[in-house]
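Peer 1: Output the structure for:
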Amino acid sequence: MAADLTRAHQDLWQWCRRQGFAGYDPYDALNSRWFQATPLKKSRWARLAWTQFHKRSPINFRSLVGIPRERNAKGIALFALAALAEYRCRQTKEAEVEARELLDDLMWMRLKGFKGAAWGYNFDWQSRSFFAPRGTPAIVPTAFAARAICEAAEVFGHEEYLPFARTICDFILNDLNRSEESDTEVCFSYSPLDQTRVFNASLLAGETLAVVGRLTGESSLCDWAMRAARYVCRRQRADGSWGYGGEDYQSWADNFHTAFILGSLSRIMNSMGSEPGAVATGSFDEMDNTLRRGYEFWKESFFLDNGWPKYYPDRLYPADAHSAASAIVTLVELRGRIPGTLILAEKIADWVIDNMRDSRGYFHYQRRRFYTVGIPYMRWSEAWMAYALARLREGKSKK
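Peer 2: Below is the predicted model of the structure:
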């Protein structure tokens with residue numbers, strides 16, 4: 001299995017490098033030159049329908065409607081994280097150069113005009129609650145960029161990357177909106193344009209503040225992180241699950257957003273636990289209990305015994321490469337805190353390599369009941385799988 005994992009990771013990395021780490025995305029439909037030339041671009045419902053058509057289609061029509069292959073900032077952040085994991089394992093000059101080049105690209109891709117460094121998506125995006133034009137800063141790509149830059153600071157030296165990482169906290173604290181803010185809780189918005197309460201997104205903001213706060217020694221950043229963590233912990237449901245967000249229409253639970261919550265909670269706890277007395281015992285116990293309950297729900301509800309990753313808890317299909325990859329990353333993150341996580345991560349990796357890997361080296365988007373969507377989505381599937389396989393190889397090397 002180790003040989004299969006190494007081969008799958010190397011083949012995927014070579015395929016992505018040949019593409020220049022650029023490609024299509026499940027949500028890039030509004031980049032269509034054809035669509036943008038029509039009055040439909042002004043209709044919320046047309047934007048939603050056009051996006052969902054291309055996202056759900058087993059046939060890739062993007063080249064026909066003028067959607068270009070592009071680099072995505074979050075995708076580059078994930079590739080940088082994969083390269084950093086590879087460098088930590090190999091410690092070679094080649095691995096260092098590759099990681100640094102991706103980090104340079106990532107920092108160059110930051111958006112200008114905000115209080116601190118931030119990143120967004122390379123396409124217009126219409127959600128049910130708001131519309132975000134291309135280049136709108138958003139906390140999810142920003143938090144993964146922050147994760148990569150913070151890891152670079154720890155690997156290559158604080159003085160080179162940490163000052164840049166610190167500016168990301170200025171974006172979070174000054175450009176994002178905050179709701180339900182109190183002395184003990186806070187929820188950060190998805191972007192500066194909305195007031196949404198998305199649990200995983202707010203917690204990713206908290207993770208960034210916690211990790212940077214640990215590296216810089218700023219207790220105020222850690223305090224903000226704790227308030228974000230408490231907000232999400234206290235919205236956990238009785239069965240251990242979380243909805244996507246705080247509104248009635250955001251009540252569904254899915255695999256990878258749950259993985260994001262668990263991973264961010266673990267990173268916040270790891271950051272706080274490194275400073276004696278930084279977290280009151282009761283608060284740490286609350287987070288630990290929440291994490292374990294959430295993990296049990298996630299493990300029992302979203303995975304079959306053979307490692308099959310379910311997208312939703314109540315249905316078998318679709319099996320999704322992004323869900324598999326984010327699960328592997330989270331399970332490696334949780335090793336040492338919860339027993340047996342690396343065993344489950346290996347099962348998921350074995351299943352996805354056997355069932356969703358293309359002979360050309362990349363991974364298919366989704367396996368559905370009667371067919372497979374084999375479109376290689378660079379951010380959603382390939383960058384996440386590169387990150388997951390690199391982290392799993394690193395985790396196995398430290399057994």
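
Peer 1: Which phi and psi values does Gly23 adopt?
Peer 2: Torsion angles at Gly23 (phi, psi; degrees, to the nearest 10) stand at phi -180, psi -160.

Peer 1: if I look at it, how far off is Ile168?
Peer 2: Counting by C-beta to C-beta, to the nearest Å, the gap from Gly23 to Ile168 is 26 Å. The way it works is simple: take the backbone N, C-alpha and C, and place the C-beta from them, glycine included.

Peer 1: didn't Glu346 look like it was pressed against Arg393?
Peer 2: No. Look at Glu346 against Arg393 with C-beta atoms under 8 Å: they stay out of range, at 10.8 Å.

Peer 1: Going along the chain, name the strands of the stretch 51-200 of the chain.
Peer 2: Along the stretch 51-200 of the chain, the segments classed as strands by DSSP state E, counting those that start in this stretch run 125-126, 131-132, 178-179, 187-188.

Peer 1: contact partners of the first one?
Peer 2: Spelled out, it's strand 125-126. Counting by C-beta atoms under 8 Å, 6 or more residues apart in numbering, strand 125-126 makes contact with 27, 30, 44, 47-48, 51, 131-132, 134, 136, all of which sit outside it.

Peer 1: With distance to Ser191 and pLDDT added, can I get the residues you listed in CSV?
Peer 2: Shown next, in CSV, are the contacts of strand 125-126 (distance: C-beta to C-beta, whole Å; pLDDT from 0 to 100):
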residue, distance to Ser191, pLDDT
Tyr27, 14, 96
Leu30, 16, 97
Arg44, 17, 93
Arg47, 16, 95
Leu48, 18, 94
Thr51, 17, 95
Phe131, 10, 89
Ala132, 6, 89
Arg134, 12, 93
Thr136, 5, 95
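
Peer 1: quick one on the thing from earlier: just name the most buried of the strands of the stretch 51-200 of the chain.
Peer 2: Burial of the strands of the stretch 51-200 of the chain is given as mean neighbour count (mean count of other C-beta atoms under 10 Å); strand 187-188 ranks first at a mean of 28.

Peer 1: what's that one packed up against?
Peer 2: strand 178-179, helix 199-216, helix 219-233 (3 or more C-beta pairs under 8 Å, 6 or more residues apart in numbering; DSSP states H and E).

Peer 1: Could I get the contacting residues of the nearest residue to His257 once chain neighbours are set aside?
Peer 2: Leaving out its chain neighbours, the residue that sits closest to His257 by C-beta to C-beta, 6 or more residues apart in numbering is Asn200, at 4.7 Å. Shown here is Asn200, whose contacts under the criterion C-beta under 8 Å, 6+ apart are 140, 242, 244, 257-258, 260-261, 264.
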